[in-house]
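I'd like to go over a predicted model; first the sequence, then the structure.
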Amino acid sequence: MNVSERRRTEDWFIAGTFAAGSIAFTLAYRMRPPEEPLGLAAVVALAVLSEALSVRLYFDGWVSVSFVGTAMATVLFGPAGAVTVAAAIAIAGWATAERSPRKLAFNFGHETLAAVLAAGVVAALGWRLDAPESIASAAPLFTGAAAALVLYAVDGAFVTAIVSLTTGRKMTDWFRDNLAWLFPHYLMLGVVAGGLAVIYEQLGLAALVVTVLPLIVARYSITQFVERTRENVVRLEKSNQQLQRAYIEIRDMSEQLRDAYTGTLESLVTALDVRDQETRGHSVRVAQHAMDIARLLGIRDEEELLTVYRGALMHDVGKIGVPDAILLKPDRLTEEEWEFMRRHPAMGYRILAQVPYLRPAAKIVLAHHERWDGAGYPRGLKGEEIPLGARIFAVCDTYDAIISDRPYRRGQSPDAALAEILRCAGTQFDPKVVEAFEAVFPRWREETPGAIRPPLYLPAWRQGNDATGRAAS
């Protein structure tokens, strides 16, 4: 149903409701006009005042007790009195809120129709206030409650129907979410309406006014308090929305900054690769492989994954402090040169640890040449003393080194790398990491050995989640 069709359906429904209410109003007066105009006028005044003091909810809608006047009129004055009060409430609601003719017609229709039906139920129950036995019993209280529940049912049905037509929501869902909670509200105030009818019948108009006015004053005070509270709640809600927007902006900026950091690191690694052409692309490949194993080992936290990625990516940053004469020497290194080369994990740690967000990754860099059996360097850590990221790196680094070509040798097959890593499980490598390596090996075998993967500003491990990367300049 398009907008114009829905609007026409609403108009027909409102017109039908108004026509039904008008017929009910006319029939009520034709059956029996009100016999106590002064008392009816007082009830009308009290109901109108109650409608004017409706409590606005925090975000949508209003709560009113004006229906108590209609329920009381059904008990005291019959159908004509009930529709008179209902019509006055509809007009008062129109005068004190947005003055929409459609709403006035709709509210007049369903409220007068509900009033006639409520008066009919009261008449069917056969309880009369002028009967002494009724006053002595709880019959008037039950009568008022019955009238209020009829008003609740009829008014609720019509309001739910028009909202369903307007919004397209299911009637049952909207009624449950917005009106179901009012059932005890109507039930208890219906009992109050019956009690007020007894007061009027037995003690007169003055007693009714004296009884109701303090309640109206209290209602006014509550209205003022709730309105002030509503303003504060709305103000807080706006502040909260502003804070949420600020949080989203800060989060986005943080992600952009983090991606820029990663891009800077990858650019630095590219610079290192240019210096040492033998291992060009090695760091990026190892970092991406490390992510595969980390996820397989159950690492789900994004920051922890990023730490593993950064540690693997930057593992050889300490070689910045190694002279070219040693780093690029084509011959076998002397023992003194090897001793100098073995310092690069500690050098890399000192470089990265100066940057707060890289300190966790720096621990991986420091331990990336440790061995599971404790025979590694620089600290001789053993077993789980070695950070998990470093244990993951060790397997990935060895695999890439075996299958990649070097100027002095050809790279071996992936199967040969698998056999070597399995052979060293429990001595050089963590057995659990080797198990994870075995699981991802079939996919790695299909990759091109030694392939150059362009650095991205976004972490390479996030590209699999459809993240769009920007090539580093």
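That came through, no problem.

So what's the residue count around Gln412?
16 (other Cβ atoms under 10 Å). Where you see a C-beta, it was placed from the backbone N, CA and C, and this is true even at glycine.

Revised request: answer the last question for Ala146.
With other Cβ under 10 Å as criterion, Ala146 counts 22.

what sits against the residue nearest to it when sequence neighbours are not counted?
Using Cβ to Cβ, 6 or more residues apart in numbering and skipping residues adjacent in sequence, the residue nearest Ala146 is Val121, 5.6 Å away. Each residue near Val121 by Cβ atoms under 8 Å, 6 or more residues apart in numbering is listed here: 146-147, 150.

now do Arg359
Counting by Cβ under 8 Å, 6+ apart, Arg359 touches 352-353.

any low-confidence regions in the stretch 151-300 of the chain?
Residue ranges of the stretch 151-300 of the chain with pLDDT under 70: 215-227, 230, 273-280.

for the protein, which helix is longest?
Identified as the longest helix of the chain according to DSSP state H is helix 205-275.

so what does that helix touch, helix or strand wise?
On a contact count with 3 or more Cβ pairs under 8 Å, 6 or more residues apart in numbering; DSSP states H and E, helix 205-275 meets helix 37-52, strand 55-56, helix 183-203, helix 282-296, helix 302-313.

Export those as CSV, with columns for distance to Ser66 and mean neighbour count.
Formatted as CSV, the helices and strands packed on helix 205-275 follow (distance: least, Cβ to Cβ, whole Å; neighbours: other Cβ atoms under 10 Å):
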stretch, distance to Ser66, mean neighbour count
helix 37-52, 4, 19
strand 55-56, 12, 16
helix 183-203, 10, 19
helix 282-296, 63, 23
helix 302-313, 56, 22
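
do you know which of these lies nearest Lys170?
Lys170 lies closest to helix 183-203 among these, at 19.2 Å (Cβ to Cβ).

What lies in contact with the closest one?
The contact list for helix 183-203, computed with Cβ under 8 Å, 6+ apart, reads 39, 63, 65, 67-69, 71-72, 75-76, 129-130, 135, 140-149, 151-152, 207-208, 211-212.

again, but for stretch 372-388
Taking Cβ under 8 Å, 6+ apart as the rule, stretch 372-388 contacts 297, 299, 308, 311, 342-343, 345-346, 363-364, 366-367, 369-371, 391, 426-431.

Buried among those? Need that as a selection in PyMOL.
The buried residues among the contacts of stretch 372-388 can be selected in PyMOL (16 or more other Cβ atoms under 10 Å) with this line:
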select buried, resi 297+299+308+311+345+346+363+364+366+367+369+370+371+391+428+429+430
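
Mind checking which of the contacts of stretch 372-388 are in strands?
With DSSP state E as the criterion, strands contain none of the contacts of stretch 372-388.

For stretch 259-273, could you pull out the residues that count as buried?
259, 261-263, 265-266, 268-270, 272-273.

and of those residues, the nearest to Glu438?
Of the buried residues of stretch 259-273, the one sitting nearest to Glu438 (Cβ to Cβ) turns out to be Val269, at 27.8 Å.

In contact with the nearest residue to that closest one once chain neighbours are set aside, which residues are there?
Counting by Cβ to Cβ, 6+ apart, Ser283 is the residue found nearest to Val269 once chain neighbours are left out, at 4.7 Å. Contact partners of Ser283, counting by Cβ under 8 Å, 6+ apart, are 269, 272-273, 312-316.

now, which of the contacts of Val121 lie within helices?
146-147, 150.

give me every residue that touches Ala367.
So Ala367 contacts 345, 379, 381, 386-387, 390 (Cβ under 8 Å, 6+ apart).

Any chance of the residues you listed in a markdown table with pLDDT and distance to Asp11 as columns?
Converted to a markdown table, the contacts of Ala367 look like this (pLDDT from 0 to 100; distance: Cβ to Cβ, whole Å):
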| residue | pLDDT | distance to Asp11 |
| --- | --- | --- |
| Pro345 | 94 | 80 |
| Arg379 | 94 | 83 |
| Leu381 | 95 | 80 |
| Ile386 | 96 | 76 |
| Pro387 | 95 | 72 |
| Ala390 | 96 | 74 |
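
Name only those of those that count as buried.
Buried residues within the contacts of Ala367, counting neighbours by 16+ other Cβ under 10 Å: 345, 381, 386-387, 390.

Going by distance to Glu35, which of those residues wins?
Nearest member of the buried ones among the contacts of Ala367 to Glu35, counting by Cβ to Cβ, is Pro387, at 92.8 Å.

Which members of the contacts of Ala367 are positioned in helices?
Short answer: the contacts of Ala367 in helices (DSSP H) are 345, 390.

now the contacts of Ala367 in TSV, with distance to Glu303?
As requested, these are exported to TSV (distance: Cβ to Cβ, whole Å):
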residue	distance to Glu303
Pro345	23
Arg379	25
Leu381	23
Ile386	20
Pro387	15
Ala390	17
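
Return the per-residue confidence for the nearest residue to Ile299 once chain neighbours are set aside.
In space, and not counting its chain neighbours, Ile299 is closest to Leu305: 5.7 Å by Cβ to Cβ, 6+ apart. For Leu305, the model assigns a pLDDT of 91.

I'd guessed Leu305 sits against Leu297; true?
No: taking contacts as Cβ atoms under 8 Å, Leu305 lies outside contact range of Leu297: 10.7 Å.

picking that back up, now the buried members of the contacts of helix 183-203.
Using 16+ other Cβ under 10 Å, the buried ones in the contacts of helix 183-203 are 39, 65, 67-69, 71-72, 75-76, 129, 140-141, 143-149, 151-152, 208, 212.

Which pLDDT value belongs to Arg332?
The model's pLDDT for Arg332 equals 82.
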